[in-house]
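Asker: quick one: sequence and predicted model below, then my questions.
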Amino acid sequence: MKKFNFRKVLDGLTAASPVGSSGGGSGSGAGGSVHPGGTAGAAGTPREEIQETLTSDYFQICKTVRHGFPYLPTALAFDPVQKILAIGTRTGAIRILGRPGVDCYCQHESGAAVLQLQFLINEGALVSACADDALHLWNLRQKRPAILHSLKFNRERITYCHLPFQSKWLYVGTERGNTHIVNIESFILSGYVIMWNKAIELSTKTHPGPVVHLSDSPRDEGKLLIGYENGTIVFWDLRSKRADLRAYYDEAIHSVAWHHEGKQFMCSHSDGSLTLWNLKSPNRPFQTTIPHGKVQRDGKKPESCKPILKVEYKTCKNSEPFVVFSGGLSYDKPCRRPSLTIMHGKAITVLEMDHPIVDFLTLCETPYPNEFQEPYAVVVLLEKDLIVVDLTQTNFPIFENPYPIDIHESPVTCTEYFADCPPDLIPVLYSVGAKHKKQGYSNKEWPISGGAWNLGAQTYPEIIITGHADGSVKFWDASAITLQMLYKLKTSKVFEKQKVGEGKATAEIVEEDPFAVQMMYWCPESRIFCVAGVSAYVIVYRFSKHEVNTEIASLEVRLQSEVEDIITPEPETNPPFPDASSQLPSLKSLSGSTNTVACEGTMKDSIPCLSVKTRPVRMPPGYQADLVIQLVWVDGEPPQQITSLAVNSAYGLVAFGNCNGLAVVDFMQKTVLLSMGTLDLYGSSDPYQRQPRSPRKSRQFAAGLTELSDSPVSLELERCKSPTSVKGSRKLSLPTDLKTDLDHVNGHCTSPTSQSCSSGKRLSSADVSRANRRGPGRPPFRKAQSAACMEISLPVTTEENRENSFSRSRSSSVSSIDRDSKEAITALFFMESFARKNDSAVSSCLWVGTGLGMVIILSLNLPASDDSRHSEPVVVSPSGTVLTLKGAVLTFACLDCMGTLTHQPYEVWRDPHSADDGDKTRKRKLVMHSPSSSQDMGDHQFAVICSEKQAKVFSLPSQTCLYVHNITETSFLLRADVVTLCNSVCLACFCANGHIMTLSLPSLRPLLDMNYLPVTDMRIARTFCFTNEGQALYLSSPTEIQRLTYSQEMCDNLQDMLGDLFTPVETPEAQNRGFLKGLFGGSGQAFDREELFGEATAGKASRSLAQHIPGSGGIEGVRGAAGGVIGDLTRARIALDERGQKLGELDERTASMMASAEAFSKHAHEVMLKYKDKKWYQF
């Protein structure tokens, strides 16, 4: 983009008011840019423009892969030849799984729930039946499956489908009780219909109900077994179009299963019974059992049990058959968990499950229904898990699942993504994680082993970290679009277990999930890891390969706003920062004086939310707690949640902030360096004059609540709960149960962090009553908002609404005063930079960003020598530098004078408990600058700062604003990260209106802006993150991680990285049935479905019954050129191959017929010669 040529004019403006330059283009949501030049050195010196290499051609967005357990599963299918598994969901998604690495996600456009899935066995195709009464044929012979055909039923609802092995005719049962037949090749409905009134007896007066089962007889493919819901079973002869037999049972049918010989079948019923029927005597079942029913003493029928929802009946050549069913438990055990029962001979094994069973399938050695089935495993699909049971061992162990389906073991609360991290990290994390593997799994290989997958061209290491509601943190290897768990860390182990009825009444502080992980910070190079928890604590972890037994160091920090109870009178149209002589009461720091307000009842003070273990703790190899820092209660006020976190291993410091202020802790010396209110950080540099609004006599707590409820905006805020609370419950249920209403996100929104940060104090009606019970001195724990935990409110247009758009305190002792008195710390960043205007060299700094768009630079005075680092104090002092942006600050980055991203200083990792570390004074190895930049950083550098509204690039040390870009006017950013791509650097942004944008650095030219991902759920907002090499991720459902790329190069190479779902496999040959079985075993082989169901015989189906919709799916290799010559040639080649294959089969059949004719001729000739010369009486 061409730069503007009025540098010197703007130089003068920005020098006079460095914080006042604002971007143009303020009208539309797209924003605008101003690109003034600037001088970082002496004024008037021309600056060389940095050559930027990234252009819009480098960017393209597409989804890459989805990991985790399919959310809300409904259906299950397995291809026994290809050995791939398909799972359908309530949201219309299908996940297809094969060997590890083969994991495909596809979605029905309608979003209708998947009712049933049927593989075309060994054909590379799948049929799905959906709740909108549509059938779809998916082509699996391409890496991204697509729909080839759809058939939408208009007048009837689909209830059950059945596709016989090696058949092209699909049987479809409906709610009306009719059975239709669909040609799979053309997806056209046959004119052959089995009407319910023809299937049942004429004397029957009631409707049999929907079709719940369809299957052809293993003995004769010309016979179809139809099961109706009310207990009617019809054995239909397809040739003669009449019922061969009918059976009735007085309990509803749920499922039917055949014996492989086709003479018997088993039904499961709603009273928990299993009935076994013989085709020769259909009047009543020859065996009825209630497997879990109590046997009555007087010989009566066993009492009824819960329904058996599904049964499978599988035979073995060398042992008793297996009967596997779900449900059927006794009613007298209401708390019993869902179970799967396996009956093998007289042995009955009940496998209890952690979640309700959705479906199960028995995996067998043969795809042919008329052979001994030889089952070897059972795949059980649960609501939140997938398990496979080994049937070949008597204790039925489960297989170790190689898929990452336990992401949601505890709800995910936050995520971090690191691409191109140090290559030694993955094996190191795996080695410490492998020691915690569970035992007792089956020793057999995972049976779902279909498809093919190779590593592809992308080889750099990637790590995903997930934080969870139970305090656990999981590290995942995400390299080459796979996902495998490396290591699990339980942060709750540093605390004492919560006891009900403890003296401190800890249950009142946080009711549930007190250990939930809220923020994480990881330095891969130094292996320092830091966690901020929902109960206002920070834990610093160091990595060690050695087990250690030690006490956990802990610190308590007092960080709280203490002001007199000032309540606003009737809403006034005051300006936001009025000029007045009165000053705001100061916020208390760690060493500051106390300004206590008397309060009724006992008051909690200087008490942390949780208790750290005081005894020595055994810490296994891996991440070991080095320091626990807890915010404490102050005068009955609970600590607010942490909203920002940063750690630096080279400095040995950790910094964190919340609504009240900032704390800086030296984790090497285990001391608190700074604990200060946000306003005190400014010193004399505060650009605003702040004061409380006009005071009034203190009201009682209940009166304050009444006033709160009168405000319409406050009611709206009440409706839009914090993402950590759900519908009046203060449970931190996080992404699992989030139901925040975001209907107006795409319209006009106020910034989430521009609300008062005490908005976590608002009360639901349930909380009001609870607070009144507790009394005013003991408020429940409050959840403050953070940059990651958005709150959306109605548009704020007037000053009156602005003044009322935040909520009051629950406590009568302390209340919020003005929105500006609660200025949250929203971003922190340690870097080597120029702290002041006239600095000639870089120094250690902490950049602090606030919710009002203010940037404060703090100077860090570190001991000069490494030897004195543990003894001499570190001094933190304000530099006097303050910069401003619009909206809450989200992220910082630093570029050197050449425009290269400067890495934060770090300490090279060394094992703190290494055996060869005899003396603790071993020198630390520090890397103060990134290897890509020169050792001295030159005479200037660029600071990149992005808020939720705009991005700015400042030149240091002159603090001139070189570039500014107004990213959005009508929405706000949820996430912004400075990332590397193609050996260059850019700013990636995700906006609440669904736009994903990238801006060049340092000039902030827009490179990409695509409306890609509507924020339909708060879960997306709080888990979305960008990383290097053009990758990003978010939690698409409570159980699934969706990865996407914004790199054109990766989009182009994606096809090579994905696994193949279909691999050429020979269909196993059917067993030789033998002469007698062929003679007396029915005429299944001679049954010609084409002749019976084809248009010539059956005619056409009614057009109004179903509508055929051609699909968008194509043949692999056609891709963009479906209508061109390449596509035609490809189709012609495939057609020729298929024709050649059919001709080959025809030749084989002809040859075998000729051989049998020759044999017959030979035998006939021998018989003729034998009887040639005999007289008639000699016979």
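Answerer: Good, I have the coordinates.
Asker: from memory Arg141 sits against Asn122, does it?
Answerer: No - in this structure, Arg141 is not within contact of Asn122 by CB atoms under 8 Å, at 11.5 Å. Placement of C-beta: from N, CA and C, glycine included.
Asker: shared neighbours of the two, anything?
Answerer: In the contact map built from CB atoms under 8 Å, 6 or more residues apart in numbering, no residue is linked to both Arg141 and Asn122.
Asker: ok, which stretches of the stretch 301-450 of the chain are helices?
Answerer: 425-433 (DSSP state H, counting those that start in this stretch).
Asker: equivalent analysis for the stretch 151-300 of the chain, please.
Answerer: 196-199.
Asker: beta partners of Ser833?
Answerer: Ser833 forms beta bridges with Ser843, as assigned by DSSP bridges.
Asker: who's in contact with it?
Answerer: Val842, Ser843, Cys845, Trp847, Ile857, Cys894, Gln941, Ala943, Leu956.
Asker: buried among those residues? Make that a ChimeraX selection.
Answerer: Those of those that count as buried under 16 or more other CB atoms under 10 Å are selected in ChimeraX with:
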select :842,845,847,857,894,941,943,956
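Asker: which of the contacts of Ser833 sits closest to Gln107?
Answerer: Cys894 (41.1 Å; CB to CB).
Asker: now for the contacts of Ser833, which pair is the farthest apart?
Answerer: Ser843 and Ala943 (14.0 Å).
Asker: please, which helix or strand holds Trp522?
Answerer: strand 517-523 (DSSP states H and E).
Asker: neighbouring strands - and their directions - for that strand?
Answerer: strand 528-533 (antiparallel).
Asker: from the chain's centroid, how far away is the partner strand?
Answerer: When C-alpha coordinates are averaged (CA atoms, centre = their mean, to the nearest Å), strand 528-533 and its chain have centres 21 Å apart.
Asker: could you give me the average pLDDT of it?
Answerer: Strand 528-533 carries an average pLDDT of 96.
Asker: what's the average pLDDT for the following helix or strand past that strand?
Answerer: Sequence-wise, the next helix or strand downstream of strand 528-533 (DSSP H and E) is strand 537-544. The average pLDDT for strand 537-544 rounds to 95.
Asker: please renumber so the chain begins at 33
Answerer: Shifting the count to begin at 33 puts that one at strand 569-576.
Asker: packing partners of strand 569-576?
Answerer: Based on contacts counted as 3 or more CB pairs under 8 Å, 6 or more residues apart in numbering; DSSP states H and E, the elements that strand 569-576 packs against are strand 560-565, strand 654-663, strand 674-680, strand 685-690.
Asker: neighbouring strands of the second one in the sheet, and parallel or not?
Answerer: Strand 654-663 has the following strand partners under DSSP bridges: strand 569-576 (antiparallel), strand 586-589 (parallel).
Asker: contacting residues around the shortest one?
Answerer: This points to strand 586-589. Against strand 586-589 from outside (CB under 8 Å, 6+ apart): 622, 638, 640, 644, 659-664, 695, 697, 702-704, 707.
Asker: any regions of the stretch 183-332 of the chain where pLDDT drops low?
Answerer: The model of the stretch 183-332 of the chain has pLDDT under 70 over residues 329-331.
Asker: can you show me the helices along the stretch 633-782 of the chain?
Answerer: 710-714, 733-742, 744-751.
Asker: out of these, name the one with the poorest average pLDDT.
Answerer: helix 733-742 (a mean of 31).
Asker: how about Met651, what does it touch?
Answerer: Taking CB under 8 Å, 6+ apart, one finds Ser576, Glu579, Val580, Asn581, Thr582, Ala657 in contact with Met651.
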